[in-house]
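# dropping the sequence and predicted coords here.
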Amino acid sequence: MTARPGSTVVLDHVGVTFAGAGTHTEAVADVTQSVPAGCFVSVIGPSGCGKSTLLDVVGGLLRPSRGRVLVDGTEVTGPRRDTAMVFQEDSTLHWRTVLENVAFGLEVARVPKARRYERAQHFVDLVGLRGFERHRPRQLSGGMKQRVAIARALALEPRLLLMDEPFGALDQQTRMLLAGELLRIWQGTGASVLFVTHDIHEAAYLADQVWVLSHRPAVVKEVVNVDLGRPRPTEVMLEPRFHELTDHLWQLLRVEAQKALAGEARPG
Amino acid sequence: MRMARPGEPRPVHARLVRWLLFAATLAVLEVCARAGMFDPLALPAPAQILSALLRLARGEEFYTDLGRTMVTVVAAFGIGVVGGLPVGVVFWKLPLLGDVFEPYLVTMYALPTLVFYPILLAVMGLGPAPIITIASVMALIPIALNTMVALRSIPPMLPKLGRSVGCSTAQLYRKVLVPAATPLAVPGLRLGFAYAVIGTVAMEFILAVSGLGFRAGYHYRYFDVPEMYAEVLVIGVLAVLFNALFGVLERRIRRDML
């Protein structure tokens, strides 16, 4: 696999307001930020702060109410071929086998059958699912289904990977293992990553920089640079510098999480 | 219950038991009927029914009836599918419209549509038209309702995934929505077919010039009870065959969507 450079993403005064029946919910206030090419960016923020909304906007699934998103200088108006997404929810197609799920994006892109299964097989191997090609999603654990989703995204050889709490529904050990594997695989691709999570350890371990979002409506409160070097073994989490970073992230997040909690507790 | 040990013979196949049960029931009926335990006008011996069937199969009339009934059922079912599927899709696409009209469909479901037969006979005359009209309405309703429910129950994640990889509308339907809706939509087709059969046969029974339902009623009124049972048997076998066909169709749809 050749390491093509990742996309450069520019969010230019992005705001999102959901209009309901007589109500307006401002999910994202005003985000201006950029992802340098090949950079791994984690996005953290309190629950329901609009992290996923922001990701949907960058992925072209949601049109922003204000501002615009540029990927490699082009405004995003819909899903792009060189952008792939991984979601928190199970996104496997349950009538397809593992291999057919991984090949799904390639099939939609009309890659010839032989080529797409060859490519899908490569990514099945890469995420450690060799031997499960003919299995159906219902025969897999939650962690394995997320591997399928990651392989499906990677098979498109994206230059930008958007991950919306991909390990959110998994147990602690599985998410640590998958985070380690994600780093190993990502380093071979050179893709840029926007990785939404509510786990500060996961955010710091994976990323080059962490965007800390405020309580809704979201703004970027601070960008924390993660100076931990690469390649990054999981042991880095034992280093004092890692603890300083996560402590700092927690201090930032705690204030916002408390606001979110107070907002939820408010009657009406 | 005892635990199975490796190397032990597998439990007898359920299918085998099912067929044995069927054969045993036939044998018991045969013995009881010959022993004079049933009124022959109510339940003749299976062997008599079989010989009546062979007698019918030698005549031309039987094939005319069979053809007439099958054409009517297939026409009614076809109209039900061609009308019901789009109605289901529209009700799903436009939830407001679905919410407004769903109760009407459910009400029609509950209504014994058959009672309109005499009116339609008066309007359309004694031919296949009034039968096809009623049977197709009976078939359309479960097809439309099940299609709507099947589409509504698709997790929003799946179309979102489809859009994220850049599916066109056609691809979204073919590769995501149709296979995802199939397990709930096909039972609607099965139900629709069953209603088409019931509607057709019942109305033929009431008044028609040919058809298996008409012939069964005719033989009933002339005390040709084994013949009547032979016709009922043919209708039953047809229904079972078509039902099996839907099972195959269901598996096919999901496999061929790749």
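Perfect, I can see it now. Every value quoted in this text rests on a predicted model; they were computed, and no experiment measured them. Numbering: from 1, shown residues only, chains lettered A, B, ... in the order given.

# residues of the stretch 101-250 of chain B that sit close to chain A?
B:155, B:157-158, B:160-167, B:171, B:175-176, B:179-180, B:182 (Cβ under 8 Å from any Cβ of the partner chain). (Glycine included, C-beta is placed from N, CA and C.)

# of these, buried ones?
Among those, those buried by neighbour count (16 or more other Cβ atoms under 10 Å in any protein chain shown) are B:158, B:160-167, B:171, B:175-176, B:179-180, B:182.

# show me which of those residues is closest to B:Ile131.
Of all those, B:Ile131 sits closest to B:Thr182, with 29.9 Å by Cβ to Cβ.

# list the contacts of that closest one.
A:95, B:150, B:250, B:253-254 (Cβ atoms under 8 Å, 6 or more residues apart in numbering or on different chains).

# please verify my assumption that A:Tyr205 contacts A:Arg230.
No - A:Tyr205 sits out of contact with A:Arg230 when judged by Cβ atoms under 8 Å, with a separation of 11.6 Å.

# more crowded one of those two?
Neighbour count, other Cβ atoms under 10 Å in any protein chain shown: between A:Tyr205 and A:Arg230, A:Tyr205 has more, with 23 against 9.

# sec struct for the more buried one, please.
Using DSSP: H, G, I helix; E, B strand; the rest coil, the secondary structure recorded for A:Tyr205 is helix.

# tell me the spacing between it and chain B.
According to Cβ to the nearest Cβ, to the nearest Å, A:Tyr205 stands 26 Å off from chain B.

# show the pLDDT at residue 114.
Since you didn't name a chain, this refers to chain A. Predicted confidence (pLDDT) for A:Ala114: 93.

# sorry, I should have been clearer: chain B.
Per-residue confidence (pLDDT) for B:Leu114: 81.

# what secondary structure does it sit in?
helix.

# just A:Val224 next, same as before
With three-state DSSP as the basis, A:Val224 sits in strand.

# pLDDT wise, what is it at?
On the pLDDT scale, A:Val224 is placed at 92.

# pretty sure it contacts A:Gln209?
Yes - counting by Cβ under 8 Å, A:Gln209 is a contact partner of A:Val224 at 6.6 Å.

# and B:Trp19, how many neighbours?
Number of residues near B:Trp19 (other Cβ under 10 Å) recorded here: 11.

# same check on A:Trp211?
For A:Trp211, using other Cβ under 10 Å, the count is 25.

# over to B:Arg252?
By other Cβ under 10 Å, the residues close to B:Arg252 number 11.

# same check, this time on A:Ala153
For A:Ala153, the neighbour count with other Cβ under 10 Å is 26.

# how close does it sit to A:Val127?
In this view, A:Ala153 and A:Val127 are 10 Å apart by Cβ to Cβ, to the nearest Å.

# what strand or helix carries A:Thr77?
In this structure, A:Thr77 sits in neither a helix nor a strand according to DSSP states H and E.

# would you mind confirming that it is in contact with A:Gly60?
Yes - at 6.7 Å, A:Thr77 counts as touching A:Gly60 under the criterion of Cβ under 8 Å.

# who has more neighbours out of these two?
A direct count of neighbours by other Cβ under 10 Å for A:Thr77 and A:Gly60 places A:Gly60 higher, at 21 against 10.

# check contacts around that one.
Each residue near A:Gly60 by Cβ under 8 Å, 6+ apart is listed here: A:76-80, A:83.

# just B:Glu250 next, same as before
B:Glu250 touches B:182-183, B:186, counting by Cβ under 8 Å, 6+ apart.

# turn those residues into a markdown table, including secondary structure and pLDDT.
As requested, those are exported to a markdown table (DSSP: H, G, I helix; E, B strand; the rest coil; pLDDT from 0 to 100):
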| residue | secondary structure | pLDDT |
| --- | --- | --- |
| B:Thr182 | helix | 89 |
| B:Pro183 | helix | 86 |
| B:Val186 | helix | 89 |
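
# pick the one among those residues closest to chain A.
Chain A lies nearest to B:Thr182 out of these, by Cβ to the nearest Cβ, at 7.8 Å.

# gap between that closest one and B:Gln171?
For B:Thr182, the distance to B:Gln171 equals 16 Å [Cβ to Cβ].

# which element is the most centrally placed residue in chain A on?
What sits nearest the mean C-alpha location of chain A, by Cα atoms, centre = their mean, is A:Met163, with 1.6 Å. Per DSSP H and E: A:Met163 is located in strand A:160-164.

# okay, now the unreliable bits of the chain?
Chain wasn't specified; assuming chain A. Scanning chain A for pLDDT under 70 picks out A:1-3, A:264-268.

# right idea, wrong chain: chain B
By pLDDT under 70, the low-scoring segments of chain B are B:1-11, B:254-258.

# one more time with 50, if that's ok
Scanning chain B for pLDDT under 50 picks out the ranges B:1.
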